[in-house]
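Engineer: return a 3D structure for these sequence lines:
(one chain, ligands or ions: 2)
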Amino acid sequence: MVANRCPEIEVVVVDINEDRIKAWNSDDLPIYEPGLDDVVKVCRGRNLFFSTDTHKHVQEADIVFVSVNTPTKTTGIGAGKAANLTYWEGAARLIAAVSTSSKIVVEKSTVPVKTADAIGKVLRRNCGDPNVQFEILSNPEFLAEGTAIEDLKNPDRVLIGGAETESGQKAIQVLKSVYEHWVPSERIITANLWSAELSKLTANAFLAQRISSVNAISALCEVTGADVQQVAHAIGMDSRIGRRFLNASVGFGGSCFQKDILNLCYVCETLGLQKVADYWHSVVSMNDYQKQRFVERIASSMFNTVYGKKIAVMGFAFKKDTGDTRETAAIDVCHGLIREGANIMIYDPKVPEEQVFKDLSMSKFEWDIPMSPTKADAKLRQNVSMHFDPYMAMDGAHALCIMTEWDEFKTYDYRKVYDSMVKPAYVFDGRNILDHDELRKIGFVVYAIGKPLDPFVKRE
Ligand SMILES: NC(=O)C1=CN([C@@H]2O[C@H](COP(=O)(O)OP(=O)(O)OC[C@H]3O[C@@H](n4cnc5c(N)ncnc54)[C@H](O)[C@@H]3O)[C@@H](O)[C@H]2O)C=CC1
Ligand SMILES: O=C(O)[C@H]1O[C@H](OP(=O)(O)OP(=O)(O)OC[C@H]2O[C@@H](n3ccc(=O)[nH]c3=O)[C@H](O)[C@@H]2O)[C@H](O)[C@@H](O)[C@@H]1O
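Structural biologist: Numbers count the residues shown, from 1 in each chain. Ligands and ions are numbered 1, 2, ... in the order given. Okay, the predicted model is just below:
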């Protein structure tokens, strides 16, 4: 967006991953995001460039945005919780080593509170030139995948945190003047470094907490006959609560919610705030419970066995309009069904087959380690198949599971699908997007998150 809205600024995206840079320089971009192709087409070669020459471009830059991955640690102290700052420290050491002029270094990655302190030490102790000054700013990113371009064009707010010194405040003004090319100044807010770092973790924790809260209520709805969509509508009309982010689902996914909450919990634990850590950890536990509950509901509805049964998993991405599968609920649900002996047939309009098999073969948190080796699991292919035609995926199935809210799922000919399925034919709608009354009229047994249960599904 900086390249798009500030033609006088030259932006060079550098990455150590050669394949990604190759893809950024091709017609087949490495990620699917509505509107991204157009932005890249307009700017690439004009004032937007992609390169693996990190040394040259970092050395020439006045402002360096660091948006490297900050995955959850998989081994050692804090494994499964703490953020792995190896990539961040590597980037900081590189900046220090190649810098011959002063720079503003911007934290774009989501990092634990106080990271700027550590990064400052790495930068200052490793730069050979005493005339080079580094000013660190925290400028967290709030975009969501699937709507990234719109979010960047028209953000609710831009947050810039900096040191409470003259040079810190000056650096804030420099970055602010970049955003002012397209963001109204009243939406650009400033803070101290620690508030900015902590605001990002807090924003994700609050958003995820809303989903876990409504999902907790969905479980209660199912056993009481209440309807979670009616409850969400009723509470969302209270302007203090608000309507957004109250869609009950099979569970939140994505690369950040779980990672950032675990990171927040770890920071709290290390600072002796165990109760605070426990409070936020329950958001993740509730999410795990929701995914497990979904699998149990499938098994119990299908006479307590899915062994050898064909189950069509519709959607694998963690939300619609993205091909991203990181931490998608579909992974845990597929694992649960595979453990029960089901045969899984997967369809997703944007996720490639090799990604699905990679995801189902990897252990937890491995997905966020770039270039981690894929262990192709031959046994997995006996239970799982990927289909490029949705009707083929559903053909001969005992059940359909809606895992992603892709719009095209609402447009299928479900009479034709029903006729091709084994009876009783089930739909498990993990996103509440289908017309359940219509499906019941056709003859389907329907389970939908947080909705009154079909007598057929209900276990007395
Ligand atoms: N994906 C999203 O929608 C959002 C992500 N974030 C945060 O942004 C950060 C990055 O997230 P993603 O882009 O999703 O991660 P990613 O893993 O897709 O991309 C990170 C890239 O950094 C590269 N990299 C690692 N070390 C490097 C180095 N020393 N020099 C140059 N490149 C290096 C990797 O090769 C990789 O391509 C994370 O901290 C995440 O929490 C924040 C808001 C939204
Ligand atoms: O730090 C990040 O990476 C980003 O994380 C989220 O963005 P993202 O994960 O891309 O997508 P969301 O729209 O937040 O959806 C996350 C998950 O929650 C689920 N969700 C969302 C909303 C809802 O009401 N119910 C629900 O189950 C989605 O289906 C998806 O699986 C935040 O919304 C962004 O502000 C943040 O910048």
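Engineer: got a pLDDT number for residue 379?
Structural biologist: Among the per-residue scores, residue 379 holds a pLDDT of 79.
Engineer: ok, residue 364 next?
Structural biologist: 70.
Engineer: hey, where'd the strands end up in the protein?
Structural biologist: 11-14, 48-51, 63-66, 103-107, 134-138, 158-162, 188-192, 310-314, 343-347, 384-387, 399-402, 426-429, 445-448 (DSSP state E).
Engineer: make TSV from those strands and add distance to ligand 1 to it.
Structural biologist: C-beta here means a position set from N, CA and C on the backbone, and glycine is covered the same way. Below are these laid out as TSV (distance: least, Cβ to the nearest ligand atom, whole Å):
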stretch	distance to ligand 1
strand 11-14	6
strand 48-51	10
strand 63-66	8
strand 103-107	9
strand 134-138	12
strand 158-162	12
strand 188-192	17
strand 310-314	23
strand 343-347	22
strand 384-387	23
strand 399-402	23
strand 426-429	26
strand 445-448	28
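Engineer: what's the closest of the ones you listed to residue 262?
Structural biologist: In terms of Cβ to Cβ, the element of those nearest to residue 262 is strand 103-107, at 18.9 Å.
Engineer: show me what that closest one is in contact with.
Structural biologist: The contact list for strand 103-107, computed with Cβ atoms under 8 Å, 6 or more residues apart in numbering, reads 61-66, 92, 95, 115-116, 119, 123, 132, 134-140, 171, 174-175, 197.
Engineer: how many residues are close by the closest residue to residue 404 other than its chain neighbours?
Structural biologist: Leaving out its chain neighbours, the residue that sits closest to residue 404 by Cβ to Cβ, 6 or more residues apart in numbering is residue 315, at 2.6 Å. By other Cβ atoms under 10 Å, the residues close to residue 315 number 29.
Engineer: over to residue 55?
Structural biologist: 12.
Engineer: so which bits of the stretch 201-350 of the chain are right by ligand 1?
Structural biologist: 255-256 (Cβ under 6 Å from any ligand atom).
Engineer: again, only this time at 8 Å
Structural biologist: The stretch 201-350 of the chain has residues 254-256, 259-260, 324, 326 near ligand 1, with proximity defined as Cβ under 8 Å from any ligand atom.
Engineer: CSV for these, including neighbour count?
Structural biologist: Formatted as CSV, these follow (neighbours: other Cβ atoms under 10 Å):
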residue, neighbour count
254, 23
255, 19
256, 22
259, 24
260, 26
324, 21
326, 19
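Engineer: ok, the closest residue to ligand 2 within the stretch 351-460 of the chain - how many residues close by?
Structural biologist: The nearest approach of the stretch 351-460 of the chain to ligand 2 comes at residue 405, 6.7 Å away (Cβ to the nearest ligand atom). Residue 405 has 19 neighbouring residues, counting by other Cβ under 10 Å.
Engineer: kindly report the same for residue 417.
Structural biologist: 22.
Engineer: that one is in contact with residue 391, isn't it?
Structural biologist: Yes. The pair residue 417 and residue 391 passes the contact test of Cβ atoms under 8 Å, sitting 6.9 Å apart.
Engineer: residues contacting the closest residue to residue 298 other than its chain neighbours?
Structural biologist: With sequence-adjacent residues excluded and distances taken as Cβ to Cβ, 6+ apart, residue 298 is closest to residue 428, at 5.4 Å. Residues in contact with residue 428 (Cβ under 8 Å, 6+ apart) are 294, 297-298, 301, 399-402, 447.
Engineer: just the buried residues of those residues.
Structural biologist: The neighbour-count test (16 or more other Cβ atoms under 10 Å) marks 294, 297-298, 301, 399-402, 447 as buried among the contacts of residue 428.
Engineer: keep these, but drop any that are not near ligand 2.
Structural biologist: Contacts with ligand 2 are made by none of the buried ones among the contacts of residue 428, judged by Cβ under 8 Å from any ligand atom.
Engineer: out of those residues, who's nearest residue 354?
Structural biologist: Out of the buried ones among the contacts of residue 428, the member with the shortest distance to residue 354 (by Cβ to Cβ) is residue 401, at 21.6 Å.
Engineer: I'd like to know how far the closest one sits from residue 418.
Structural biologist: Counting by Cβ to Cβ, to the nearest Å, the separation of residue 401 from residue 418 is 16 Å.
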